[in-house]
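> coords please:
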Amino acid sequence: MSWQSQLECIKDFCTGCAIIGLNGITYATEGSWPSLPEENHSYTYFFANDAEHHPLLFANDVKYFVNMMSSMKVLAIHGKNAIALHRTNSAFVAAYTDGTIDAGLLLKIVTVLADYLQGNGI
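This is a model prediction of the structure:
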């Protein structure tokens, strides 16, 4: 299956989503994924050193406050908008909402897909 096809199961639940490699390269996007390629690359730093807290995440030059961070997950919020990231073995699943769904639900959506990918060795 392609990276693009992996996003089929979550694209209708969020405003935009992406799968980004741990090297920062965007593998696939669906919908209105808001971040620029260099911002996608910067997201890899959230998973490089989980002991260091990164207070801000940027998407399309908009600052998002990092509300929750662990070695596998990041949830960042800007008003009603939110971005959720979840790491797998070789990539991370990312999703964005413009406020149409709750930020916690957005994180759950990316977690389900990331767990599936990780369970399949991806």
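> Not counting the helix or strand containing residue 111 itself, show me its contacts.
Residue 111 belongs to helix 103-119 when assigned by DSSP states H and E. Outside helix 103-119, the residues that touch it by CB atoms under 8 Å, 6 or more residues apart in numbering are 6-7, 9-10, 13-14, 17, 67-68, 72-73, 75, 77, 82-89, 91-97. Every residue, glycine included, has its C-beta placed from N, CA and C.
> which among those residues end up buried?
6-7, 10, 13-14, 17, 72-73, 75, 77, 82-88, 91-97 (16 or more other CB atoms under 10 Å).
> Below-threshold pLDDT in the chain: ranges please.
Low-confidence segments of the chain (pLDDT under 70): 49-53.
> Which stretches in it count as helices?
3-6, 37-42, 45-48, 103-119 (DSSP state H).
> So which of those helices is the most surrounded?
Stretch with highest mean neighbour count among the helices of the chain: helix 103-119 (a mean of 18; mean count of other CB atoms under 10 Å).
> Could you check how far it is from the centre of its chain?
9 Å (CA atoms, centre = their mean, to the nearest Å).
> Check the spacing between residue 78 and residue 98 real quick.
As judged by CB to CB, to the nearest Å, residue 78 and residue 98 stand 10 Å apart.
> isn't residue 29 right next to residue 17, touching?
Yes: applying CB atoms under 8 Å, one finds residue 29 in contact with residue 17, separated by 7.1 Å.
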